[in-house]
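Enquirer: Compute the structure for the input listed below.
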Amino acid sequence: MIPKAKTKTLWIENLRAIATVSVILLHVSSPLLYAHDESLNSYWWLGNVFDSAVRYCVPVFVMITGTLLLPQEIDLKVYFSRRISRILIPFLFWSLVYICNDLLQLRADGKSFAVHDIISFSISHLLYGASYHLWYVYMLICLYLVIPFLGRWIRHSSEKQIQYFLSLWICINAVWLFGNFGNNTVFYFGQFIGYLVLGYYISTKDFKLSLKVSDKVALLLYLTGVVVTLLGTYIVTERTGKFSNIFYDYRSVSVVASATGIFILTKNNAFTVNRHVSSLVSLIGKLSYGIYLVHVLVLYFLDKSGINATFIHPLIGIPLTAILCLFLSMLVPLLVQKLPYGKYIAG
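Expert: Below is the predicted model of the structure:
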């Protein structure tokens, strides 16, 4: 029997590990969608299936943050010092690594740089993102700024007020999806704040359903979200003649549904296979931020070595590349931690 306190920690560790693996699967499979968006062949469909199935990954990370932080009474000094050491320092280090890698690649392509060019290039990349996946960290930092105030509000709100907030958030997402408002700031702003509140609400709410019924509802939510994302992407892409990611957007109601389903399923079930698998899952969870920061660099060098989703048929190539990327992305922060002061930059 797993102690109750450990069970709570366990499902969050499991959920973090699932989201980490899902991010890698998403970034391995997504290039197929852009490479084959004109023919919509079997490669495109496999990319669409994998991508739709794991689209919940980033929302789930945010929901975990809401679960862990919104219930807490926060001492601002301690809170921000921990965020700086845990989030900001590794982010800055790995951003510089990505910048250096880009500069080296440009140099290899024959481009020369003066000192002021390097400085300008570095500042620009730090401001706008040194790699495509690092947008998440900028967004996360913004969420951390509002969590102390959001947490105080939510702890003093009634259940109906929280339900009203979530209903309003979902309606705004639906209006954005079908109203074609693009990245209008009003519709974009509340996107991830809603996921913070959703994670808190699900983790604290007793839905008064049996575990069996709750699991069925959660599975239905997940599968419905995946199918709507998958078919919606296909229909819009076919009609417009070019790849459309509107259903992939984290504001999409179908992504909200799949993220909610995965969250509830994992919360309800403390999956344990054996101690070796449990130890691996725990390690992935603990290294999740470092894995997230470094995995795109790992994918870059794997691709340079000819290993990607299509080095063999994608049905096998996607999971194999993702597994290899996962273990290398775990190894890097583990090795960095062994360097002097490495624990501060590994992630």
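Enquirer: And what about Pro340, helix, strand or coil?
Expert: Using DSSP: H, G, I helix; E, B strand; the rest coil, the structure places Pro340 in coil.
Enquirer: Dihedrals phi and psi, it?
Expert: Taking degrees, to the nearest 10, you get phi -60, psi 130 for the backbone angles of Pro340.
Enquirer: what about it, distance to Leu297?
Expert: Using CB to CB, to the nearest Å, Pro340 is found at 22 Å from Leu297. Every C-beta, even on glycine, is put in place using the N, C-alpha and C of the backbone.
Enquirer: if you count what's nearby, which of those two comes out ahead?
Expert: Using other CB atoms under 10 Å as the criterion, Pro340 and Leu297 rank with Leu297 on top: 18 against 6.
Enquirer: Is that one in contact with Asp102, as I believe?
Expert: No. At 10.6 Å, Leu297 and Asp102 do not qualify as touching, with contact defined as CB atoms under 8 Å.
Enquirer: need the contact list for the residue minimising distance to the centre of the chain.
Expert: Centroid-nearest residue in the chain, with CA atoms, centre = their mean: Val58, separated by 2.4 Å. For Val58, the contacting residues are 19, 23, 136, 250, by CB atoms under 8 Å, 6 or more residues apart in numbering.
Enquirer: how near is it to Phe263?
Expert: 13 Å.
Enquirer: any idea how far Val78 lies from Gly151?
Expert: On the measure of CB to CB, Val78 and Gly151 end up 14 Å apart.
Enquirer: Look at the two and report which has more neighbours.
Expert: Ranked by neighbour count (other CB under 10 Å), Val78 and Gly151 place Gly151 first, with 20 against 9.
Enquirer: for this structure, which helix is longest?
Expert: Looking across the chain with DSSP state H, the single longest helix is helix 211-240.
Enquirer: just checking, what packs against that one?
Expert: The contact analysis (3 or more CB pairs under 8 Å, 6 or more residues apart in numbering; DSSP states H and E) places helix 211-240 against helix 42-53, helix 253-268.
Enquirer: need these in a markdown table with mean neighbour count, mean pLDDT and distance to Arg107, can you?
Expert: Below are the helices and strands packed on helix 211-240 laid out as a markdown table (neighbours: other CB atoms under 10 Å; pLDDT from 0 to 100; distance: least, CB to CB, whole Å):
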| stretch | mean neighbour count | mean pLDDT | distance to Arg107 |
| --- | --- | --- | --- |
| helix 42-53 | 21 | 94 | 32 |
| helix 253-268 | 23 | 95 | 39 |
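Enquirer: want to throw the ones you listed into JSON lines with distance to Val217?
Expert: Below are the helices and strands packed on helix 211-240 laid out as JSON lines (distance: least, CB to CB, whole Å):
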{"stretch": "helix 42-53", "distance to Val217": "19"}
{"stretch": "helix 253-268", "distance to Val217": "7"}
